[in-house]
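Student: show me how the following folds:
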Amino acid sequence: MVDVDSKYASVEPGAIKELRTVSIAQFRNDMKRAMTRRRLYARINALPPSTVREELVAIAQRYEDAGR
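Tutor: Have a look, this model is predicted:
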């Protein structure tokens, strides 16, 4: 007989994050930012492989890290 609880990882206290409440405007802004980021990386990845493409990816990642 298999113990059902053994299939799941144990959850430590505080491991489950609470849902944060976000206004509709903030949610739309977050979605817009995510879509813009995906479009940017898609455009960069569409370029032919070169050091310029790699440099653009590095610049985009630095910009993201600076914003956090």
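Student: which strand or helix spans residue 63?
Tutor: Per DSSP states H and E: residue 63 is located in helix 51-67.
Student: for this structure, give me the ranges with low pLDDT.
Tutor: Flagging of the chain using pLDDT under 70 yields the residue ranges 1-20, 67-68.
Student: can you give me the helices in it?
Tutor: Applying DSSP state H to the chain gives helices spanning 24-46, 51-67.
Student: make a markdown table from the ones you listed and add mean neighbour count to it.
Tutor: Just so you know, the C-beta spots here come from the backbone N, C-alpha and C atoms, and that holds for glycine as well. Formatted as a markdown table, those follow (neighbours: other Cβ atoms under 10 Å):
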| stretch | mean neighbour count |
| --- | --- |
| helix 24-46 | 11 |
| helix 51-67 | 11 |
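Student: sorry, back to before: which strands or helices does the helix holding residue 63 pack on?
Tutor: Counting by 3 or more Cβ pairs under 8 Å, 6 or more residues apart in numbering; DSSP states H and E, the packing neighbours recorded for helix 51-67 are helix 24-46.
Student: list the helices and strands the helix it packs on packs on?
Tutor: Secondary structure elements in contact with helix 24-46, counted by 3+ Cβ pairs under 8 Å, 6+ apart, are helix 51-67.
Student: need the CA coordinates for the helix it packs on. CSV is fine.
Tutor: Provided in CSV are the C-alpha atoms of helix 51-67 (Å, rounded to 0.1, in the frame of the first residue of the first chain):
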residue,chain,number,x,y,z
THR,A,51,28.8,38.7,-31.5
VAL,A,52,26.4,41.7,-32.0
ARG,A,53,23.5,39.4,-31.1
GLU,A,54,25.3,38.1,-28.0
GLU,A,55,26.1,41.7,-27.0
LEU,A,56,22.5,42.8,-27.4
VAL,A,57,21.4,39.9,-25.2
ALA,A,58,24.0,40.9,-22.6
ILE,A,59,22.8,44.5,-22.7
ALA,A,60,19.2,43.5,-22.3
GLN,A,61,20.0,41.3,-19.3
ARG,A,62,22.0,44.0,-17.7
TYR,A,63,19.1,46.4,-18.1
GLU,A,64,16.7,43.9,-16.6
ASP,A,65,19.0,43.3,-13.6
ALA,A,66,19.4,47.1,-13.0
GLY,A,67,15.6,47.5,-12.9
